[in-house]
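In: sharing a model that was predicted from the sequence below.
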Amino acid sequence: METNRSINAPDASAALAEVRRSRARVAWSGYPAWYWLLTGAGLSAGTAAVLLPDWWGLAVVAVVTSGLVKVAHLAGRRRGVCEGWVRSAMTAREVLALYGPAAVVILADAVAQRADWWSPWSPIVAAVLVFGLFTGVGLTFTARAGRR
């Protein structure tokens, strides 16, 4: 915003707030649907990897994690928004809403397995829940940003 006159504090504050909202709207609406689907599938595959014997689970998680980093890089290039790992247009509330439920399901499944409360179906149920939660929230945020 350029002006030849002086700007008072409320106007400057309002302009900065609008810039932040605009940046977040552009960042969220730029995510392609395949990003949410692939990332949700990767998180659920990592969750289900605990069913594999011996060290195979760890190997699958390592491969899935490297794949998720590549998917995030491709989605960032597709969006055209240059953001690093630390700074992003997501607010803390959005980060919590996006990753929180999936993290709770993953941790609850891990605790249930360590405490022998689990059945053979619990990792599969947890993987499906992780996919649904992460993908659903991500697609919802993207659709909502596109409507603003």
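Out: Right, received. Where do you want to start? Numbers count the residues shown, from 1 in each chain.
In: so where does residue 76 fall, helix or strand?
Out: Residue 76 belongs to helix 56-79 when assigned by DSSP states H and E.
In: residue 33: how many residues sit nearby?
Out: Neighbours of residue 33 under the rule other CB atoms under 10 Å: 12. Yep, even glycine has a C-beta here, placed from its N, CA and C like the rest.
In: report the distance from stretch 100-113 to the chain centre.
Out: 16 Å (CA atoms, centre = their mean, to the nearest Å).
In: check which element follows the helix holding residue 76 along the chain.
Out: helix 92-114.
In: show me what contacts residue 65?
Out: Contact partners of residue 65, counting by CB atoms under 8 Å, 6 or more residues apart in numbering, are 42, 46.
In: give me the longest helix you can find in this structure.
Out: Counting residues, the longest helix found in the chain (DSSP state H) is helix 122-147.
In: show me which residues of the helix holding residue 76 are buried.
Out: 57, 60, 61, 64, 67, 68, 71, 75, 76, 79 (16 or more other CB atoms under 10 Å).
In: can you redo those residues as TSV with distance to residue 11 and pLDDT?
Out: Output for the buried residues of helix 56-79, formatted as TSV (distance: CB to CB, whole Å; pLDDT from 0 to 100):
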residue	distance to residue 11	pLDDT
57	56	81
60	54	87
61	51	84
64	49	88
67	47	87
68	42	85
71	41	82
75	36	75
76	33	72
79	30	66
